[in-house]
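Enquirer: Have a look at this prediction, sequence included:
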Amino acid sequence: MGDQRAACQRREVLPGLVRGFEHIKQDESRHIAYGLLALQNLLEAEPALWDFYNDTLNELLNHALGVIPEALVSRL
């Protein structure tokens, strides 16, 4: 999404599409912020969940790191 937005901005074309991308980015940022707040509140209320939370993040980290090189290679 960022590549398309940047290309449109550089070429000064499709300003509505650029604004749409910006709105999507803002919206996704709000989703992430809310999710982090919900996790923080849950973990404060139920400290016993820390081990489960930590194990889950460590498991997902491996998947996330597997995607990052693919995304970087596709940009070359």
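Expert: Noted; the coordinates are in hand.
Enquirer: What pLDDT does the model give residue 72?
Expert: With respect to pLDDT, residue 72 scores 62.
Enquirer: quick one: average pLDDT of stretch 18-34?
Expert: 94.
Enquirer: Same question for stretch 40-53.
Expert: 96.
Enquirer: who's in contact with the helix or strand where residue 67 lies?
Expert: Assessed by DSSP states H and E, residue 67 sits inside helix 50-74. Helix 50-74 is contacted by residues 39, 43 when judged by Cβ atoms under 8 Å, 6 or more residues apart in numbering. All C-beta spots, glycine's among them, are computed from the backbone N, C-alpha and C.
Enquirer: So what's the gap between the helix ranked longest in the chain and the chain middle?
Expert: Longest helix in the chain by number of residues (criterion: DSSP state H): helix 15-45. Relative to its chain's centre, helix 15-45 lies at 8 Å (Cα atoms, centre = their mean, to the nearest Å).
Enquirer: now it and helix 50-74, what's the angle there?
Expert: Here helix 15-45 runs at an angle of 160 degrees relative to helix 50-74 (axes from the mean of the first three to the mean of the last three Cα atoms, to 10 degrees).
Enquirer: any idea how far residue 55 is from residue 34?
Expert: Distance of residue 55 to residue 34, computed by Cβ to Cβ, to the nearest Å: 23 Å.
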